[in-house]
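Visitor: Only the shape, not the letters, is given here:
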């Protein structure tokens, strides 16, 4: 009978399907005494696949190493730490005991492991923090470094007090303490209720930048003119494709009444940095009274943010400098990328600094979108198609290529209608469309069928985003489909009826439209992220 050795088992450890058994555990554990670091990592991955069954062997090896070379116990402790990180069995209980181990290396391994634990309860965090803070005064420098790193990840008030005290004169401790202070500040800030409130009016004008799909700017402008008071300056500045800049004052959430815009940011006045370093210059602007007033107008509680830079090659350094300066200038601001309420973009160009503030409101407009499919419209594009089609309460509406139902939902939300129908050849798409319509409270008859043969009866309006030949069908198939579909819809539309749709190649579809007795009365190029299409309104004129 062949007896396995560590050399014969190691190659198996690299296989994702290898699950070591009880007989293999003692052999594998020998790696922590005799093998190199790479072999120990390979063994640990294999033992993790065995799960809780491997824990007794790990604990025996740890006990057998008691009094031996401390580095051996530390290696085994690091293996146990991986099990604790995954929450396997009672590994966390065993790991917590090692915080009081007689061996310094093992205690350090336990401290490092505890800092990796996720999903701890508040009581567990408080207990572990108390244990590690108590260790601080009696541990050597190397373990103190590990303590600061782990306390930064799970500590609270005790850790904050520790970090405010006298720390060893050590560059690494200084660096780790700076990171830990930031982490602890974030954690403590999350204990209160911090959120954005768009109902609070801005009582002075700010420069607002609204973004949309390039080509849809005029639609957004029309919406803004409907939203803003008549005496306000007319929006119209377009600094870039898909961007509209205008003065705004009032409730920020009013902008969500525009269904064609994508989002909005506040553009701060351009600054000249002069001799100031980027981080210092950004902090000076962000901490100023006018900018703090903007943050305060929309934020309840801590102003949690993330900094993004362009035009600087020292992003981390500039971020640290800005965060440190803001901690003094504006204590309510907390650099907290994972739980942020604001994105702050800083652009540096030839001594000039442009800053954009993006409040991360939860967009209320498209909460109905509970499902999606590949190649579906963006909701704002669907809203633009509805504006092109127009709205009348007597409309009989058909979407021949309904997909996930976005155009149908947007038409339903735009105003009353007499009847609405959606078809698609994809049963899964119709299922998703049904869920979206239900979430939006919109009624429409849906069926799985081919658009080019379906007979919905005469309709007033067709609103659709057909296959464009870029993601869901090849160009030849789309061309063949259009050759049949366009004459068909000409027979379906009532005199005076209209269709709002997208075409990838109007040079090919326009002749088909004309031949079918229809007329293109509106056309606008739209950039769908590098894919250019033309949005059209096609009408069946009464005289045709």
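Guide: Okay, I see it. Note that the structure is predicted; figures quoted are calculated from it, not measured.
Visitor: only C-alpha atoms for contact and neighbour calcs from this point on.
Guide: Fine.
Visitor: quick one: secondary structure of the closest residue to residue 19 other than its chain neighbours?
Guide: Once flanking residues are discounted, residue 19 sits nearest to residue 50: 5.6 Å by Cα to Cα, 6 or more residues apart in numbering. Following DSSP: H, G, I helix; E, B strand; the rest coil, residue 50 is assigned to helix.
Visitor: Make residue 1 into 37 and carry on from there
Guide: From this message on, residue numbering opens at 37, which makes the last subject residue 86.
Visitor: Run a quick check on residue 86 versus residue 58, I expect a contact.
Guide: No: in terms of Cα atoms under 8 Å, residue 86 does not count as a neighbour of residue 58; the distance is 9.3 Å.
Visitor: can you pull out the strands in the stretch 387-536 of the chain?
Guide: Assigned by DSSP state E, counting those that start in this stretch, the stretch 387-536 of the chain shows strands spanning 388-395, 432-435, 455-460, 481-484, 495-500, 529-539.
Visitor: Can you list the buried residues in the first one?
Guide: So that's strand 388-395. Along strand 388-395, these residues count as buried under the neighbour rule (16 or more other Cα atoms under 10 Å): 389-395.
Visitor: and residue 59, backbone torsions?
Guide: Main-chain dihedrals, residue 59, degrees, to the nearest 10: phi -70, psi -30.
Visitor: What is the neighbour count of it?
Guide: The criterion is other Cα atoms under 10 Å. On that basis, residue 59 has 10 neighbouring residues.
Visitor: and it, how far is that from residue 45?
Guide: Applying Cα to Cα, to the nearest Å, one obtains 11 Å for the distance of residue 59 from residue 45.
Visitor: and if you look at residue 518?
Guide: Distance of residue 518 to residue 45, given as Cα to Cα: 62 Å.
Visitor: So between those two, which is more surrounded?
Guide: Set side by side, residue 518 and residue 45 show more neighbours around residue 518, with 20 against 17, by other Cα under 10 Å.
Visitor: which residues does that one contact?
Guide: Residue 518 sits next to residue 545 when contact means Cα atoms under 8 Å, 6 or more residues apart in numbering.
Visitor: mind checking pLDDT for it?
Guide: Note on residue 518: pLDDT of 92.
Visitor: now do residue 577
Guide: Listed pLDDT for residue 577 reads 84.
Visitor: residues near it, how many?
Guide: 15.
Visitor: ok, now how distant is the residue nearest to the spatial centre of the chain from residue 226?
Guide: With distances taken as Cα atoms, centre = their mean, the chain has residue 374 as the residue nearest its mean C-alpha position (9.8 Å). Distance from residue 374 to residue 226, counting by Cα to Cα: 11 Å.
Visitor: Likewise for residue 412?
Guide: For residue 412, the distance to residue 226 equals 36 Å [Cα to Cα].
Visitor: Kindly report the same for residue 112.
Guide: Going from residue 112 to residue 226 by Cα to Cα gives 36 Å.
Visitor: When those two are compared, which one has more neighbours?
Guide: Between residue 112 and residue 226, counted using other Cα under 10 Å, the more crowded position is residue 112 (25 against 16).
Visitor: Got the domain ranges for the chain?
Guide: The record's domain split for the chain, according to automatic domain parsing, is 42-225, 231-398, 415-575.
Visitor: between the ones you listed, which one is nearest to residue 406?
Guide: Between residue 406 and those, the tightest spacing by Cα to Cα is seen for domain 415-575, at 5.7 Å.
Visitor: gap between the closest one and the chain center?
Guide: Using Cα atoms, centre = their mean, to the nearest Å, the distance from the centre of domain 415-575 to the centre of the chain it belongs to is 30 Å.
Visitor: Just the endpoints, please. Distance across that domain?
Guide: End-to-end distance for domain 415-575: 24 Å, by Cα to Cα.
Visitor: which residues touch residue 378?
Guide: Residue 378 makes contact with 339-342, 393-396, according to Cα under 8 Å, 6+ apart.
Visitor: Give the full set of residues in contact with the nearest residue to residue 521 once chain neighbours are set aside.
Guide: Sequence neighbours aside, residue 488 is the residue nearest to residue 521 in space, at 4.6 Å (criterion: Cα to Cα, 6+ apart). Contacts here follow Cα under 8 Å, 6+ apart; on that basis residue 488 touches 517, 520-521, 524-525.
Visitor: From those residues, which land in helices?
Guide: 517, 520-521, 524-525 (DSSP state H).
Visitor: Just the buried residues of those.
Guide: By the neighbour-count criterion of 16+ other Cα under 10 Å, these include these buried positions: 521, 524-525.
Visitor: could you dump these to a markdown table with distance to residue 429 and pLDDT?
Guide: Compiled in a markdown table, these are given as follows (distance: Cα to Cα, whole Å; pLDDT from 0 to 100):
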| residue | distance to residue 429 | pLDDT |
| --- | --- | --- |
| 521 | 26 | 95 |
| 524 | 25 | 96 |
| 525 | 21 | 95 |
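Visitor: Turn those residues into JSON lines, including distance to residue 282.
Guide: Conversion of these to JSON lines gives the following (distance: Cα to Cα, whole Å):
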{"residue": "521", "distance to residue 282": "42"}
{"residue": "524", "distance to residue 282": "44"}
{"residue": "525", "distance to residue 282": "41"}
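Visitor: so which of these comes closest to residue 446?
Guide: Closest approach between these and residue 446, by Cα to Cα: residue 525, at 21.2 Å.
Visitor: If anything else comes up later, I'll come back, but that's it for now.
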